[in-house]
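**Student:** starting from these lines, generate the structure:
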Amino acid sequence: MNHRSPRRAAALALALLTAAAAVGLGATPATAEDPQPTSTAVAPTCPQAEGNARFVRFIYLQILQRCPEDAAVAYFTKRLDGGLTRFNFAETIDMSNENLGQNNVIPLYTDILGRPPTDAELVAGKAFIRANHQDGRLIAKLIASDEAYGTIEGATTAARDRAWLEQAYQGIVETSPTAHEVAKWMAVFGAASSVSERTYVANVLEALAAQRHQLDLRRLRRRAQPQGLSRRARLLGPLAERSWPLADLPPTCSAPTRPTSWPRPSPTSTPEH
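**Tutor:** Residues are numbered from 1 along each chain as shown. Below you'll find the model as predicted:
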């Protein structure tokens, strides 16, 4: 049930992209101590001409993990040349049915619940993220569900609640609860936690994670120095790491390789808009 939210990382990376272009940040090579994800898959490459066509390719590779179709390159390049902002273009791809389904809702259900969403769940999940531009309450709902709780092991109900609390903290705020927090939430759970109680805890943690995310965005809007941006870019991984100004986008680049977003303990064409 451990997971990390790609939507927070994507939003931070898009902010880094805008900020990097503003301050002229170029690509920063990774240092020896930077962890590097590994993958055996062959990353797609797709050369493009200069100008906004390269930016179209860049966003497709970073968000959809694939090359754009020729028709998509021509269409979006024309729109960008005509005044469409880079942010609005990136948001269009980010909010596409392809990205919301394949890269957001389906992985959430698969990694938290161990199954794909039903058709109704897929439609509802896409609609929620598109309306709210975040997936916090959706993640909280899935983590707190009896279905997810059923995967938690423990000799007693209290032990299962404690184990669930640890996984919720690790998955949402990426740290363990303090002794005070454990005592507080276990008192809320009482003899046995309910779905509503677990949902409340998960939403509190999601709000805390969102506050940290907003703090990072405010720091970026202060026009941080390039070295500070590059440090945060490396921490955010390949998507932010490739946040180059348009003039520095290379003629050919490949989709980044990413680690699994939500490691789950186990017992054994143009996007639609």
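**Student:** make it CA atoms for all contacts and neighbour counts henceforth
**Tutor:** Noted.
**Student:** in the stretch 101-250 of the chain, what residue spans correspond to helices?
**Tutor:** Using DSSP state H, counting those that start in this stretch, the helices of the stretch 101-250 of the chain run over 106-113, 119-132, 136-144, 146-149, 157-172, 179-189, 195-221, 226-236, 238-241.
**Student:** and the pLDDT at A187?
**Tutor:** pLDDT recorded at A187 is 97.
**Student:** shaky segments in the stretch 151-273 of the chain?
**Tutor:** The stretch 151-273 of the chain contains residues with pLDDT under 70 at 216-273.
**Student:** let's see 90
**Tutor:** Across the stretch 151-273 of the chain, residues meeting the criterion (pLDDT under 90) sit at 209-273.
**Student:** for S176, see how far away the residue lying closest to E197 once chain neighbours are set aside is.
**Tutor:** Using C-alpha to C-alpha, 6 or more residues apart in numbering and skipping the chain neighbours, the partner closest in space to E197 is F189 (6.6 Å). Distance from F189 to S176, counting by C-alpha to C-alpha, to the nearest Å: 18 Å.
**Student:** who's more crowded, those two?
**Tutor:** Neighbours were counted for F189 and for S176 using other C-alpha atoms under 10 Å; F189 has more, 18 against 15.
**Student:** surely the more buried one touches V195?
**Tutor:** No. Taking C-alpha atoms under 8 Å as the definition, F189 is not a contact partner of V195, at 10.0 Å.
**Student:** okay, and I59 sits in which element?
**Tutor:** In the assignment (DSSP states H and E), I59 maps to helix 52-59.
**Student:** show me what that helix is packed up against.
**Tutor:** Secondary-structure packing of helix 52-59 (3 or more C-alpha pairs under 8 Å, 6 or more residues apart in numbering; DSSP states H and E): helix 70-81.
**Student:** after the helix it packs on, which helix or strand is next?
**Tutor:** Next helix or strand after helix 70-81 toward the C-terminus (DSSP H and E): helix 86-94.
**Student:** got the CA coordinates for that next one in PDB?
**Tutor:** Output in PDB follows, covering the C-alpha atoms of helix 86-94 (Å, rounded to 0.1, in the frame of the first residue of the first chain):
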ATOM      1  CA  ARG A  86       3.700  26.600 -22.600                       C
ATOM      2  CA  PHE A  87       1.900  26.100 -19.200                       C
ATOM      3  CA  ASN A  88      -1.500  25.800 -20.800                       C
ATOM      4  CA  PHE A  89      -0.200  23.300 -23.400                       C
ATOM      5  CA  ALA A  90       1.500  21.200 -20.700                       C
ATOM      6  CA  GLU A  91      -1.700  21.300 -18.600                       C
ATOM      7  CA  THR A  92      -3.700  20.100 -21.600                       C
ATOM      8  CA  ILE A  93      -1.500  17.100 -22.000                       C
ATOM      9  CA  ASP A  94      -1.400  16.500 -18.200                       C
END
